[in-house]
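Chemist: Coordinates for the following, if possible.
(one chain, ligands or ions: 1)
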Amino acid sequence: MKRVKPEDWQPADDMTLERTAMNIARRSNNKLVVAGPGAGKTELLAQKACFLLQTNTCRFPYKILAISFKRDAAHNLKERVRDRCGDDLSKRFESLTFDSFAKQILDRFKQALPEGYKISDDYDVELSDRKILDNYRFEDENYLNSTDPEVVLKLHAATLPHSARTKAERIRNKIWKEMLSSSPSQLSFKMIMRLAELIIKTNPKIKKYLQQTYHYVFLDEFQDTTDIQYDLFKTCFLGSGSHFTAVGDDKQRIMIWAGAQNTVFEDFMDDTGAARVALSTNFRCAPRLVTLLNHLTEHLLEKTDFATPSDKWQPDQGECSIWLFENAEKETQILFREVKEWITTEGINARDICILVKQQLTMYAGNLIEYFNRNGIKARDENKYQDMLTQEVSVFIINVLYLIYDPQNTNAKKDAFDFLSNIHTELEDQQLLKLEFAFTKFVKTLRKDYPNQFFGGDEIETMIAAIVDFAGKDRIRAHFTHYKNIGVLNKAIDDLEKELLHCYDVTNDIVDALDMLIGKDTIPVMTIHKSKGLEYHTVVFIGLEDGAFWSYEKQPDEDKCTFFVALSRAKERVVFTFSEVRPSKFGPREQSMHTIRQIVEELEKSGVVEIVEKN
Ligand SMILES: Nc1ncnc2c1ncn2[C@@H]1O[C@H](COP(=O)(O)OP(=O)(O)OP(=O)(O)O)[C@@H](O)[C@H]1O
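Modeler: Alright, predicted model coming up:
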């Protein structure tokens, strides 16, 4: 691709960047961009990556490292940069989560771990805190019973190397030793992060290698960075010549429970000398919703960073209501009628309507999902699929399967072939043509061998195995560092296979099964935490009730931010529901809006929100 002169560079996709954003994209000095929802923070990172690559300001062969909060956010960012800069340049843009960044360091350099912290050849990632606490129970029940579990877990994830001054530290050290030395080792992501940090701390050459590789580091959703993640960032990059851009919004800080630091913005500015800059346009939300967000910014969150809507809207666009129901059954039935109307009359795609709950998705939306599906509107718990559908290998398999049964699907063909050419970086144009020819032939053969009828599970398994073989597991592992561990690659393939078989059992048609798997025409239902960074035409939040906000008295600030995140996912319409009676694990419970009255009062005072009895 032809190099662009910095002074000639223009943002991709005909977007106009406000002046501050343009300066951030073009300049290399460290920046902390603090801006509200929909201000284009993630978009700015994508544009800045394009600037750095297209103008070669990030000089070849140096790279950009972007760290996002969730796998799908990292994946989306990578895709945006790839679409705009092409395959070649975007190879120098690595988009990862903190977890995968740490895991890559560990997988690659585990031999460099110092004595006392060596791990076995293989390791399992332990996701549950409960299992870790069980280890403590087994080791010293008295200690566990007399200590707050949060304190135990915090000490467990403290920085390395460990000290052994107190009894608690000695118990912790023993448990670490057992977890590291078991075969396979048992590691949580926090432990992986601490081990990665230890590798960098104790191996100056690896640190130097990392700093020479990544000349630019981006940090998305920076408000939710935990102390452990920030320690890793500092250990890797502080004092290097790399340039940092962090973007975030303290009104959306919703991970304090998981260790997000309140002071991370100030720490970052102190540590890196970054200047704090603000962006003021909200590109996502319609004007009336921006008015509401501004009202809540001032009166609920007590901040002053207000936004202005983008001029693509009419001033009266955007609506927010609270719908009151007698009980959850009525809520489900009436919501169904309304959603059906939005889809059939307004022509809104089911995929652009999102149903959110604060937590306990099955309790709040399980019956609703079941009722919607039974009556012809597809809806599903999207939490389960978010990770699977951003695995590169799964996306490749899905694209090839689509292509087999729909030869006209040019997007599937392009994406599948992009995957193949990415894992064959060494091929010249002529050889790439040969690969394309071989791929077309391979797809035709599968189409002939497996016509879309009378499929059984075995055929699907064989087909998936053939598709993976065509790409080559070794090649996939060589290209995608997170698949270096073969277990991770195999698990991604197995998970996809299981889910596709399940979909096929329901649909009896492979294309329908694929549509079902990717959630085509299906309303996504998810928790607010999973909705971070996403956006939908319409958002329905189930349960604006004290029961859902049970933690409000203990952590009002975090709960207010959580509410703010839910509201700000909507482009045009938000509905909050309240049901007088709601199922709970203890049976049906009467609900009130007493504890969360400040939220409800501020919604009313905004002058934007309509409260409607829906019975
Ligand atoms: N300069 C721009 N011009 C037009 N549209 C934009 C611009 N920047 C961003 N957008 C669009 O606005 C929406 C929000 O952008 P983005 O997700 O980057 O915001 P954000 O600040 O990261 O949001 P949040 O913090 O709420 O997740 C997206 O649909 C994006 O494509």
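
Chemist: so Q317 touches A286, yeah?
Modeler: Yes: when contacts are counted by C-beta atoms under 8 Å, Q317 is listed as touching A286 (3.9 Å). Where you see a C-beta, it was placed from the backbone N, CA and C, and this is true even at glycine.

Chemist: Compare these two (neighbour count), which wins?
Modeler: Neighbours were tallied for Q317 and for A286 using other C-beta atoms under 10 Å; the higher tally belongs to A286 (25 against 17).

Chemist: Which residues are in contact with the more buried one?
Modeler: By C-beta atoms under 8 Å, 6 or more residues apart in numbering, the residues touching A286 are 309, 313, 317-318, 571-572.

Chemist: now swap in I322 and tell me
Modeler: 544, 575-578, 600, 603, 609-612.

Chemist: want to throw those into a markdown table with secondary structure?
Modeler: Output for the contacts of I322, formatted as a markdown table (DSSP: H, G, I helix; E, B strand; the rest coil):
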| residue | secondary structure |
| --- | --- |
| L544 | coil |
| V575 | strand |
| F576 | strand |
| T577 | strand |
| F578 | strand |
| V600 | helix |
| L603 | helix |
| V609 | strand |
| E610 | strand |
| I611 | strand |
| V612 | strand |
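
Chemist: If you count neighbours, what's buried in stretch 579-586?
Modeler: By neighbour count on 16 or more other C-beta atoms under 10 Å, the buried set for stretch 579-586 is 579-583.

Chemist: make that stretch 50-66, sorry
Modeler: So for stretch 50-66, counting by 16+ other C-beta under 10 Å, buried means 50-55, 57-58, 63-66.

Chemist: Take those residues and keep only those in strands.
Modeler: Counting by DSSP state E, the buried residues of stretch 50-66 place 63-66 in strands.

Chemist: Poorly predicted segments of the chain, please.
Modeler: The model of the chain has pLDDT under 70 over residues 1, 453-454.

Chemist: How about the residues of it by the ligand?
Modeler: 15-17, 35, 37-43, 249, 252, 283-284, 533, 535, 568 (C-beta under 6 Å from any ligand atom).

Chemist: circling back to that earlier point, out of the buried residues of stretch 579-586, what pair is the most spread apart?
Modeler: Taking C-beta to C-beta, the two most distant members of those are E580 and P583; they sit 12.4 Å apart.

Chemist: Counting neighbours, what do you get for I175?
Modeler: Neighbour count of I175, defined by other C-beta under 10 Å: 19.

Chemist: That one belongs to a helix, doesn't it?
Modeler: Yes: assignment of I175 by three-state DSSP places it within a helix.

Chemist: Checking the closest residue in space to it that isn't next to it in sequence next. Helix, strand or coil?
Modeler: In space, and not counting its chain neighbours, I175 is closest to N135: 5.0 Å by C-beta to C-beta, 6 or more residues apart in numbering. The three-state label given to N135 by three-state DSSP is helix.

Chemist: Neighbours of K70, how many?
Modeler: 20.

Chemist: ok, now C503?
Modeler: Neighbour number of C503 under other C-beta under 10 Å is 20.

Chemist: Packing partners of the one helix or strand it maps to?
Modeler: Element membership for C503 (DSSP states H and E) is helix 486-507. Contact analysis of helix 486-507 by 3 or more C-beta pairs under 8 Å, 6 or more residues apart in numbering; DSSP states H and E lists helix 392-405, helix 457-471, helix 473-479, helix 510-518 as its packing neighbours.

Chemist: now those helices in TSV, with mean neighbour count?
Modeler: TSV is the format used below for these (neighbours: other C-beta atoms under 10 Å):
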stretch	mean neighbour count
helix 392-405	22
helix 457-471	16
helix 473-479	16
helix 510-518	19
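
Chemist: helices or strands next to the one helix or strand T20 maps to in the packing?
Modeler: Using DSSP H and E, T20 sits within helix 19-26. When contacts are defined as 3+ C-beta pairs under 8 Å, 6+ apart, helix 19-26 sits against helix 41-54, strand 275-279.

Chemist: so how far is that helix from its chain's centroid?
Modeler: The chain centroid and the centroid of helix 19-26 are separated by 25 Å under C-alpha atoms, centre = their mean, to the nearest Å.

Chemist: when you give positions from now on, start the count at 309
Modeler: Sounds good: first residue 309 from here, last item helix 327-334.

Chemist: next structured bit after that helix?
Modeler: Immediately after helix 327-334, counting by DSSP H and E, sits strand 339-343.

Chemist: what are the pairing partners of that next one, and which direction each?
Modeler: With DSSP bridges as the test, strand 339-343 is paired with strand 551-556 (parallel), strand 583-587 (parallel).

Chemist: Give me whichever of the ones you listed is most buried.
Modeler: strand 551-556 (a mean of 25; mean count of other C-beta atoms under 10 Å).

Chemist: Could you tell me the angle between that one and helix 349-362?
Modeler: Strand 551-556 runs at 160 degrees relative to helix 349-362, counting by axes from the mean of the first three to the mean of the last three C-alpha atoms, to 10 degrees.

Chemist: which outside residues touch strand 551-556?
Modeler: By C-beta under 8 Å, 6+ apart, strand 551-556 touches 332, 336-343, 349-350, 352-353, 356, 523-532, 545, 573, 576, 580, 582.

Chemist: Return the residues in contact with S454.
Modeler: Going by C-beta under 8 Å, 6+ apart, the list of residues near S454 is empty.

Chemist: Okay, it and R596: tell me how far apart.
Modeler: 54 Å (C-beta to C-beta, to the nearest Å).

Chemist: Could you do L808 as well?
Modeler: Distance from L808 to R596, by C-beta to C-beta: 42 Å.

Chemist: what does N707 give?
Modeler: N707 is 40 Å from R596, by C-beta to C-beta.

Chemist: again with I818
Modeler: 44 Å.

Chemist: Next, the contact list for the spatially most central residue of the chain, please.
Modeler: Here the mean C-alpha position of the chain is nearest to the C-alpha of K378 (C-alpha atoms, centre = their mean), at a distance of 2.4 Å. Contact analysis of K378 by C-beta under 8 Å, 6+ apart lists 405, 694, 838, 840-841.

Chemist: again, but for Q739
Modeler: By C-beta under 8 Å, 6+ apart, the contact list for Q739 reads H732.

Chemist: Could you figure out how far the helix or strand containing it is turned away from helix 700-713?
Modeler: Assigned by DSSP H and E, Q739 belongs to helix 737-757. Our comparison of helix 737-757 with helix 700-713, counting by the same axes, to 10 degrees, yields an angle of 60 degrees.

Chemist: Flag every buried residue along helix 737-757.
Modeler: Those would be 747, 750-751, 754, for helix 737-757 by 16+ other C-beta under 10 Å.

Chemist: and which of those residues is nearest to the ligand?
Modeler: Nearest to the ligand among those is F747, at 32.2 Å by C-beta to the nearest ligand atom.

Chemist: doesn't F725 make contact with that closest one?
Modeler: Yes: between F747 and F725 a contact is recorded at 6.3 Å, counting by C-beta under 8 Å.

Chemist: What segments of the stretch 459-608 of the chain are helices?
Modeler: Using DSSP state H, counting those that start in this stretch, the helices of the stretch 459-608 of the chain run over 475-489, 497-510, 512-521, 535-545, 572-580, 595-607.

Chemist: Counting by contacts, list what the longest one packs against.
Modeler: So that's helix 475-489. Using 3+ C-beta pairs under 8 Å, 6+ apart, helix 475-489 sits against helix 437-447, helix 449-453, helix 457-464, strand 493-495.
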